[in-house]
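In: I'd like to go over a predicted model; first the sequence, then the structure.
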Amino acid sequence: MDYISIADAMKQGKGIVALRGWCYRERKSAARAFVVVRDDTNIIQCVIEKASADPETWVAAEKICIESSLTVQGEIVPDARAPTGFELRVRRLEIIHLAERFPITKDQSTEFLLDVRHLWIRSRELTAVWKVKSQVLAAARDFFSQKKYYEVTPPIITGSSCEGGSTLFSIKYFEEKAFLSQSAQLYLEAMIYSLKRVYALTPSFRAEPSKTNRHLTEYWHLEGEEAFMNFEQLLQLEQELVSHICQWVATHCAQELKVLGRNPEELKKITLPFPCITYTEAIELLHKDGIEIPWGKDLRTIEEEALMKHYDKPLLVTRYPKEIKAFYMKDDPSDSRVVLCCDMLAPEGYGEIIGSSERETDVNILINKLKCQGEKIEHYQWYLDLRRYGSVQHSGFGLGIERVVRWICKLESIRDAIPFPRTIKRMTP
């Protein structure tokens, strides 16, 4: 027989099917064995009756243990008592590989599960996360395709900083010093002069000594840049992107979302417009809530969580003070204290998922800001050339893929939004 997936077998609903996968759970008695089989699509309970099974099948059923690989044939029938509503009445079971004793049992510590991450990624919950993440990426690419953006491939090794030298990972590049990219933004800005609309999906690296549940040292960064785009158009674009991702995932991953405790209907409600306030208004709202934070200080996790108690959609916080933002952000013409930037905060306390801004186009202002931040101008001459030869108004953003996945999947820690997390104290497995 041809093998089919568990999901396709369930769609078929009845008849004889052949499946292959891994033993997810097993329970045995003297007369009967229950083996829950998993593949990439779902799980199904398989029942082997000693009285009716051939000797080889019963011996295999008695021997099989968790994570053994196997093939199984039998009759699929609906059964409301089974974990996923169907049961396979087994006629033949063969072990492909009999696993050793699986080291993961109930109530393991977080650190142990990270030590055996190469095995823990098989768990049903994390498998659902990987499927959701795949669809988040598919949704993003679909969105940019509809908007006629070009996907480009910027470098990962760079000679200069984008977000500040204190969070750069340095590497030896032959006889010189180089860095791992914090962001593709500066290179995307170069690309807009030929392609107008560009985006990239690349890994970014931040040497932030943070142990919070929302920081990784290596993560996937979705960044877009467009020539002639003003600040208001930028805000519209990023709202459309996040809404598109939510609608797409709700449609394509309903089963996985339910496994993770997320009602797909909640994502369908993420529609335009999103609420939008200025940084100054955010400070005023926090003061009303009894949180004392001076104007000019960046919003921390605690302030962001307090703000989001007022909103059930992503929130746009715009026009932060220039002193706490990057050198490339354009000053607000109506208020020289702030820049035309935006942080998008996810609901339910999941924090910032997008950072964006209109970009400064005046080469002299950029040079002055770089000097004020102690940067070496010679490292940015190529970037400054973009303002010397045909400079135009433009804007862009960066979205943290794992932060979006964490929010959508209701994950406690961002570590579970990436298969092999890299944090301040972990670079293996």
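Out: Sure thing, it's come through.
In: ok, then the element right after the helix or strand where Leu286 lies?
Out: Element membership for Leu286 (DSSP states H and E) is helix 279-288. Note on helix 279-288: by DSSP H and E, the next helix or strand toward the C-terminus is helix 301-308.
In: state the distance from the nearest residue to Gly224 once chain neighbours are set aside to Leu186.
Out: Leaving aside its sequence neighbours, Gly224 sits nearest to Tyr199 (C-beta to C-beta, 6 or more residues apart in numbering; 4.1 Å). C-beta here means a position set from N, CA and C on the backbone, and glycine is covered the same way. Distance of Tyr199 to Leu186, computed by C-beta to C-beta, to the nearest Å: 14 Å.
In: same question for Cys162.
Out: 6 Å.
In: buried stuff in the helix or strand hosting Gln73?
Out: Under the criterion of DSSP H and E, Gln73 resides in strand 69-78. In terms of neighbour count (16 or more other C-beta atoms under 10 Å), strand 69-78 has its buried residues at Ser69, Leu70, Thr71, Val72, Gln73, Gly74, Ile76.
In: what's the average pLDDT for that strand?
Out: Averaging pLDDT along strand 69-78 yields 98.
In: other residues contacting it?
Out: Residues from elsewhere that reach strand 69-78 (C-beta atoms under 8 Å, 6 or more residues apart in numbering): 1, 3, 9-10, 12-23, 35, 37, 44, 46, 60, 64, 85-97, 99.
In: of the residues you listed, select the buried ones using a ChimeraX command.
Out: With 16+ other C-beta under 10 Å as the criterion, this ChimeraX line picks the buried residues out of those:
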select :9,10,17,19,20,21,22,23,35,37,44,46,60,64,86,87,88,90,91,92,93,95
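In: for stretch 110-129, which positions count as buried?
Out: Leu113, Leu114, Asp115, Arg117, Trp120, Ile121, Leu126, Thr127, Ala128, Val129.
In: and if you look at stretch 191-202?
Out: Going by 16+ other C-beta under 10 Å, stretch 191-202 has these buried residues: Met191, Ile192, Lys196, Arg197, Val198, Tyr199, Ala200, Leu201, Thr202.
In: got phi/psi on the residue nearest to the third one when sequence neighbours are not counted?
Out: Put plainly, it is Lys196. Nearest residue to Lys196, sequence neighbours excluded (C-beta to C-beta, 6+ apart): Ala227, at 4.8 Å. Here is the backbone geometry of Ala227 (degrees, to the nearest 10): phi -70, psi 150.
In: Ala227 is in contact with Val392, isn't it?
Out: Yes. If you go by C-beta atoms under 8 Å, Ala227 and Val392 touch, sitting 5.3 Å apart.
In: these two: which is more packed in?
Out: Between Ala227 and Val392, counted using other C-beta atoms under 10 Å, Ala227 has the larger neighbour count: 19 against 14.
In: the residue nearest to Gly224 is in what secondary structure piece?
Out: According to DSSP H and E, Tyr199 maps onto strand 197-205.
In: in its sheet, which strands sit next to that strand, and in what direction?
Out: Next to strand 197-205 in the sheet, as set by DSSP bridges, lie strand 150-151 (parallel), strand 218-227 (antiparallel).
In: so for that strand, mean pLDDT?
Out: 98.
In: give me the distance from it to the chain's centre.
Out: Mean-position distance between strand 197-205 and its chain equals 14 Å (C-alpha atoms, centre = their mean, to the nearest Å).
In: what does that strand contact?
Out: 137, 140-141, 144, 147-154, 156, 169, 180-184, 187-188, 191-192, 217-227, 398, 401.
In: ChimeraX command for the buried members of the residues you listed?
Out: To isolate the buried members of these in ChimeraX, using 16+ other C-beta under 10 Å:
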select :137,140,144,149,152,154,180,181,182,183,184,187,188,191,192,217,218,219,220,221,222,223,224,225,226,227,398,401
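In: so Pro314 makes contact with Ile353?
Out: Yes. Using C-beta under 8 Å, Pro314 is in contact with Ile353, at 7.1 Å.
In: how far away is Ser52 from Trp58?
Out: Distance of Ser52 to Trp58, given as C-beta to C-beta: 9 Å.
In: who has more neighbours out of those two?
Out: Trp58 (18 against 11).
In: not counting its neighbours along the chain, what's nearest the more buried one?
Out: The shortest distance from Trp58 to any non-neighbouring residue, by C-beta to C-beta, 6+ apart, is to Lys50 (5.3 Å).
In: residue contacts, that neighbour?
Out: Ala30, Ala31, Arg32, Ala33, Trp58 are the contacts of Lys50 under C-beta under 8 Å, 6+ apart.
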